[in-house]
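In: Structure for this input, please:
(chains A, B, C and D)
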Protein chains: 2
Amino acid sequence: MPLTLRQRNRLDAIHRIMDAAMDLFDERGYADVTIDEIAAASGVSPRTFYRYFGTKEGLFTADPLAAVGLDRYAGQIDPGDLPGTLERLVALIDEGPGTSEDTRPRPWRGMRYVLEEPSVRAAVYGALDGAAERLAALLRDAGESPARARVIARSYLFGAYFGALEQWHLDGRSRPLRDYVREGAAALADGGRGK
Amino acid sequence: MPLTLRQRNRLDAIHRIMDAAMDLFDERGYADVTIDEIAAASGVSPRTFYRYFGTKEGLFTADPLAAVGLDRYAGQIDPGDLPGTLERLVALIDEGPGTSEDTRPRPWRGMRYVLEEPSVRAAVYGALDGAAERLAALLRDAGESPARARVIARSYLFGAYFGALEQWHLDGRSRPLRDYVREGAAALADGGRGK
DNA sequence: GCCTAATTGACATTTTCTGCCAACTTGTCG
DNA sequence: CGACAAGTTGGCAGAAAATGTCAATTAGGC
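Out: Below is the predicted model:
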């Protein structure tokens, strides 16, 4: 069952807004673009922008598919194999949104602003934090103590995952992202004990 | 050589503002207190508040001593012994600011808001991120690859350190914080391999 | 084709945050 | 001690972000 008209309209609007915003950011820089301008450029009212994204930084943390009730990631998580889980998630994101129709926002577009704009970075950390919370719950279910579950979940998401993204971007995106994730997870597995 | 009058005035103002803000937060909740009110309650102009703290969340990330050019932490960091480094830092914070005169802001006051207010939490993550950046530089100097340095630094600060703070607070601050830090660092050392 | 529920846009308002400048305070040096 | 320089503060004006409210429009179900 595809999508209802309302869902398609919403998804369209979200993608339109994201694209328009990134275009403006690339053109004039993140700080010099107002939400009124983004809204105007994508044909919605500013109020609607806030309804969809909450804040300007929300552009970088919103999951368009989640906004219409879809979740591509749920089944991919295996608390017993975190390195593998990270690799699967990255691969999923790499292939784009993957709804039949749109090829809209290329994955990792806007990563530049995540790394360079402190406020965006902080917002992304907030989103990672939420993910870590959920992952920690799974680890507890798998028998870890609450304290250890917290540490491990955050280490993989903030350390291995985000660290890999950053290093990959800083290196000019030459080698595949997957390698960086693998490397990051390996650094965790050996406990910083050097290789 | 103690402190110049300007430094003492500034330090006083910073502590006065922090205390007044926390009092107001405890009384009416973080979101319902405006910066104008904090400024009024502590006898400075709103403009001065912004000069000292930058944002409302800056109340939780500002280091009063750094604001007058002091650094108690620099000498404590040993890239070769991260667990020990964390324990030393926590111990330092525990004993308070430690300038001869003031006993002002009790350490960890406001932790509640760090954990409960998403915007504060995100701001603290931003500060941790800066610290992780600096720590990663030290690790690189000690021979780690950039990628590994990133992962390890973030894991210790976001995972072990912040995780310990959170767990300690959630447990009602009964056992000493030091134990939690030790436990968190141990979880990292064994690579999530269970105990 | 209607009725209901969801969604949108417009408006007003509060709050955060910044630039600018004049008034004042502190440090310093003759 | 007394000026001069440098640093610091407060007030004002204004841009931008963010939220509540409500009437108007649009989609969905029957």
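In: Contact partners for the nearest residue to A:Ser119 once chain neighbours are set aside?
Out: In this structure, A:Ser119 finds its nearest non-sequential neighbour in A:Glu57, 5.8 Å apart by C-beta to C-beta, 6 or more residues apart in numbering or on different chains. All C-beta atoms are positioned from the backbone trio N, CA, C, and that covers glycine. Contact analysis of A:Glu57 by C-beta atoms under 8 Å, 6 or more residues apart in numbering or on different chains lists A:Ser119, A:Val120, A:Ala122, A:Ala123, A:Val124.
In: ok, now which ones touch A:Tyr180?
Out: A:Ala164, A:Leu165, A:Gln167, A:Trp168, B:Ala147.
In: And the residue nearest the centre of chain A?
Out: A:Thr61 (5.8 Å; C-alpha atoms, centre = their mean).
In: Surely it touches A:Gly126?
Out: Yes. Under the criterion of C-beta atoms under 8 Å, A:Thr61 makes contact with A:Gly126 at 7.3 Å.
In: re earlier: gap between the residue nearest to A:Ser119 and A:Ala122?
Out: Between A:Glu57 and A:Ala122 the distance is 8 Å, computed by C-beta to C-beta, to the nearest Å.
In: With A:Gly58 instead?
Out: In terms of C-beta to C-beta, A:Gly58 sits 12 Å off from A:Ala122.
In: same question, A:Glu183
Out: 25 Å.
In: Check A:Ala91 too.
Out: From A:Ala91 to A:Ala122 the distance is 27 Å (C-beta to C-beta).
In: okay, these two: which has more neighbours?
Out: More crowded of A:Ala91 and A:Ala122, by other C-beta atoms under 10 Å in any protein chain shown: A:Ala122, with 20 against 13.
In: For the more buried one, which residues are in contact?
Out: A:Glu57, B:Ala122, B:Ala123, B:Tyr125, B:Gly126, B:Asp129.
In: Return the set of buried residues in the helix or strand encompassing A:Leu86.
Out: Using DSSP states H and E, A:Leu86 sits in helix A:82-94. Using 16 or more other C-beta atoms under 10 Å in any protein chain shown as the test for burial, helix A:82-94 gives A:Leu82, A:Pro83, A:Thr85, A:Leu86, A:Glu87, A:Arg88, A:Leu89, A:Val90.
In: Equivalent analysis for stretch A:45-62, please.
Out: A:Phe49, A:Tyr52, A:Phe53, A:Lys56, A:Glu57, A:Leu59, A:Phe60, A:Thr61, A:Ala62.
In: near DNA strand D, which of these show up?
Out: A:Lys56, A:Glu57 (C-beta under 7 Å from any atom of the strand).
In: from the buried residues of stretch A:45-62, which is closest to A:Leu135?
Out: Proximity of the buried residues of stretch A:45-62 to A:Leu135 (C-beta to C-beta) peaks at A:Thr61, which lies at 16.6 Å.
In: re earlier: let me see the mean pLDDT of the helix holding A:Leu86.
Out: Helix A:82-94 carries an average pLDDT of 92.
In: Thought A:Ile152 was touching A:Leu139, still the case?
Out: Yes. Between A:Leu139 and A:Ile152 there is a contact under C-beta under 8 Å: 6.1 Å.
In: Show me which of those two is the more surrounded one.
Out: Just comparing A:Leu139 and A:Ile152: by other C-beta under 10 Å the higher neighbour count belongs to A:Ile152, 27 against 23.
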